[in-house]
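>>> Model the following, please.
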Amino acid sequence: MIQRIQSIFLFLASLATFGLFGLPFASTPNPINVSSIFGDSLYNLHDHIALLILFGLAGVLALIAIFLFKNRKLQLNLSRFALIANVIGLVLAIALYYNDSGTLGAVDPSDEAGLYMPFIAVVFLGLALRFISKDEKLVKSMDRLR
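Residues are numbered from 1 along each chain as shown. This next block holds a predicted model:
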């Protein structure tokens with residue numbers, strides 16, 4: 001039953017989350033020496049260890065949840081934890097950016113594709129949660145009929 005729609009949503013969520021390892025959140029034209037996150041002119045996951053851990057955990061949990069289709073409750077819980085890790089990682093990334101924005105001066109960083117990946121992952125995880133719970137309700141209703 002890997003071909004179920006929630007498996008596709010979980011795969012797309014893990015793909016969006018793992019895409020963050022190659023895509024930066026924001027960039028500046030030149031490196032800023034006094035900035036902690038724009039020292040190399042790119043703000044990405046590698047600038048803070050907590051971002052690496054949170055988004056790595058979220059991607060791995062979403063990927064593992066694909067293969068737990070026989071245990072829907074565990075799949076639902078892992079998907080919830082992946083969603084929570086994505087949201088916490090997104091909040092942390094935004095907090096780090098605004099904490100460091102005082103050192104940027106007149107430089108205006110440009111948004112990159114990595115900025116939108118956590119939002120995409122959250123949407124796909126939300127859809128997967130919806131369809132997993134819908135499956136669980138269907139199975140419970142069938143059990144009542146037996």
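>>> which helices and strands sit right next to the strand or helix carrying Val139?
Using DSSP states H and E, Val139 falls within helix 117-145. Helices and strands touching helix 117-145, by 3 or more Cβ pairs under 8 Å, 6 or more residues apart in numbering; DSSP states H and E, are helix 5-18, helix 49-66, helix 72-100. C-betas here are computed from N, CA, C, even on glycine.
>>> Okay, now the unreliable bits of the chain?
1-3, 143-146 (pLDDT under 70).
>>> rerun that using 90 as the cut-off
Where the chain drops to pLDDT under 90, the residues are 1-6, 25-48, 68-72, 97-115, 132-146.
>>> So the closest residue to Leu127 other than its chain neighbours versus Ile53, what's the distance?
Using Cβ to Cβ, 6 or more residues apart in numbering and skipping the chain neighbours, the partner closest in space to Leu127 is Phe9 (4.7 Å). Counting by Cβ to Cβ, to the nearest Å, the separation of Phe9 from Ile53 is 23 Å.
>>> Which residue of those two possesses the greater neighbour count?
Phe9 (23 against 13; other Cβ atoms under 10 Å).
>>> so who does that one touch?
Phe9 is in contact with 124-125, 127-128, 131, counting by Cβ atoms under 8 Å, 6 or more residues apart in numbering.
>>> Where neighbours are concerned, which of those has the most?
Ranked by neighbour count (other Cβ under 10 Å), those have Leu125 at the top, with 31 neighbours.
>>> Verify the stated contact: Ser7 with Ile66.
Yes: between Ser7 and Ile66 there is a contact under Cβ atoms under 8 Å: 5.0 Å.
>>> circling back: tell me which of the helices and strands packed on helix 117-145 lies nearest to Gly39.
Gly39 lies closest to helix 72-100 among these, at 10.0 Å (Cβ to Cβ).
>>> Centre of the chain to that closest one, how far?
6 Å (Cα atoms, centre = their mean, to the nearest Å).
>>> same question, stretch 22-30
On Cα atoms, centre = their mean, the centre of stretch 22-30 falls 18 Å from the chain's centre.
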